[in-house]
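> Provided below are the primary sequence and the corresponding predicted coordinates.
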Amino acid sequence: MVQWKEEDRRVALCLIGARQIGKTAIVKEFAKNHYEEVIELNFLENPDAKKLFDGSLRAEDILFKLSTFTRQELIEGKTLILFDEIQECPSARTAIKFFVEDGRYDYIETSSMLGVKIKEIKSYPVGFERIVNMYPLDFEEFLWANGIGAKVIDYLKQCFEEKTMVSESIHDTLKDLFHRYLIVGGMPEAVNTYLKTKNMQQVIKVQEELIDLYSNDIRKYAEESQRHAILEIFKAIPSQLDNQNRRFKLSQVMPKEKISRHENDFLWFTLAGIALPSYTLQEPQYPFQLNEKHNLFRLFLFDTDLLCAMSLDDIQFMILNGDLSINEGSILENYFAT
């Protein structure tokens, strides 16, 4: 069971990650087990909540308005206040310092686009906020969801450490689950759909809805001057990973354009948590960051199943049959990136 540490109560936790990754559900499950009262403000679904932060940012003033707005009781030491999609209300993030200093309640923020909305924040709550990055389920967590228990996983780790052969039956079962993981991915809704229906077409429908959601986020959160380029780059990621020259060639997406003119467009994906860059090194020496060549890189999607769903070929069936060499091995390469 997760427990708050004393140092956690001196800061607000801020969970950041891509949309539909399950941040809010995790917070609610945690709160259900540890608090008598949970107050949630979702600034995306309820824009009126932003009005609470008009004017004074004193904790006492806002908490009074908050209890009036939500009609919920604030119980000192036993109430968690959740600021959902906090990027939509920059003043709420500025006010976090004053809430934490007040000390009567605990706070968790969630955000899917915090990195691309930083310009609108007047003052950062430095020292009063701890960022926690959230990611899709990894393969081990996918195994848990499919009923593979700790004993089997511990057995695998033992085999790895001792360099002994894994039993054939367990190996075959986990290899099949790994192939399924590559096409189902780790997004909670896709995993739940797979577990409930065992219908890949239903899973693909969820993945396509997620892809549309991320495209809409680009239109909403990217600067107007960047939107076209970012959308074109996003759509081109699968074909670029299939490219045998092993790097992202912007000229194939937007002829006559140079990488150097679009560095901020590529950076947008990293800040939004949608894509992962992997840079070429001048020398394979530590520290790697000092040897990166930022004009030579690969761009991977943050969850491999989305790469499958965005590819033109019906590659899911091939992966299930164990063919991982398709698309020049880009599916496996994307998995390693994540």
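Nice, I can see it.
> so which bits of stretch 178-196 are buried?
Residues of stretch 178-196 classed as buried: 178-188, 190-191, 193-194 (neighbour count, 16 or more other CB atoms under 10 Å). Backbone N, C-alpha and C define where each C-beta goes, glycine included.
> now the end-to-end length of it.
Stretch 178-196 has an end-to-end distance of 18 Å (CA to CA, to the nearest Å).
> again, but for stretch 179-189
Stretch 179-189 has an end-to-end distance of 18 Å (criterion: CA to CA).
> so how far is it off the chain centroid?
Distance, stretch centre to chain centre, for stretch 179-189: 14 Å (CA atoms, centre = their mean, to the nearest Å).
> average model confidence for it?
The pLDDT scores in stretch 179-189 average 96.
> contacts for it?
For stretch 179-189, contacts defined as CB atoms under 8 Å, 6 or more residues apart in numbering pick out 20-22, 25, 135-139, 141-142, 190-191, 194, 200, 203, 206-207, 210, 303-306, 308, 315-316, 319-320, 322, 324, 331-332, 335.
> can you do 6 Å?
For stretch 179-189, contacts defined as CB atoms under 6 Å, 6 or more residues apart in numbering pick out 20, 22, 136-137, 139, 142, 190, 194, 203, 206, 303-305, 308, 316, 319-320, 331.
> try stretch 27-43
Here stretch 27-43 makes contact (CB under 6 Å, 6+ apart) with 2, 49-50, 70, 72-73, 75, 78-85, 88-89, 108.
> and that stretch, which residues are buried?
Neighbour counts over stretch 27-43 (16+ other CB under 10 Å) mark 27, 30-31, 35, 38-43 as buried.
> okay, now it: how far is its last residue from its first?
Stretch 27-43 has an end-to-end distance of 16 Å (CA to CA).
> and stretch 237-254, what's buried?
Residues of stretch 237-254 classed as buried by neighbour count (16+ other CB under 10 Å): 237-238, 240-243, 247-248, 250, 253-254.
> make that stretch 213-227, sorry
For stretch 213-227, burial by neighbour count (16+ other CB under 10 Å) applies to 214, 217-218, 221-222, 226-227.
> closest to Glu129 out of these?
Each of those was checked against Glu129 using CB to CB; the closest is Tyr221, at 20.5 Å.
> hmm, Met113 and the closest one touching each other?
Yes - under the criterion of CB atoms under 6 Å, Tyr221 lies in contact with Met113, with a separation of 5.0 Å.
> hmm, back to that, restricted to helices, list the buried residues of stretch 213-227.
Using DSSP state H, the members of the buried residues of stretch 213-227 that fall within helices are 214, 217-218, 221, 227.
> roughly how far apart are Lys205 and Gly127?
Using CB to CB, to the nearest Å, we find Lys205 at a distance of 44 Å from Gly127.
> ignore the last one, Leu182
On the measure of CB to CB, Leu182 and Gly127 end up 41 Å apart.
> what's the burial count for the closest residue to Ala272 other than its chain neighbours?
Spatial nearest neighbour of Ala272, chain neighbours left out: Val116 (5.4 Å); criterion: CB to CB, 6 or more residues apart in numbering. Per other CB atoms under 10 Å, the neighbour tally for Val116 reads 23.
> quick one: residues contacting Val116.
Contact partners of Val116, counting by CB under 6 Å, 6+ apart, are 221, 271-272.
> could you rerun that using 8 Å?
87, 221-222, 268, 271-272.
> let's have the residues you listed in CSV, adding pLDDT and distance to Arg104.
Putting the contacts of Val116 into CSV (pLDDT from 0 to 100; distance: CB to CB, whole Å) gives the following:
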residue, pLDDT, distance to Arg104
Gln87, 91, 25
Tyr221, 91, 33
Ala222, 91, 38
Trp268, 91, 38
Leu271, 86, 33
Ala272, 89, 34
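> out of those, flag the one nearest to Arg10.
Proximity of those to Arg10 (CB to CB) peaks at Gln87, which lies at 23.3 Å.
> report the separation between that closest one and Cys14.
Going from Gln87 to Cys14 by CB to CB gives 10 Å.
> tell me where the protein has helices.
Taking DSSP H as the test, the helices found in the chain are 23-34, 59-70, 90-102, 139-145, 150-162, 168-184, 188-197, 200-221, 227-241, 263-272, 304-310, 315-320, 330-337.
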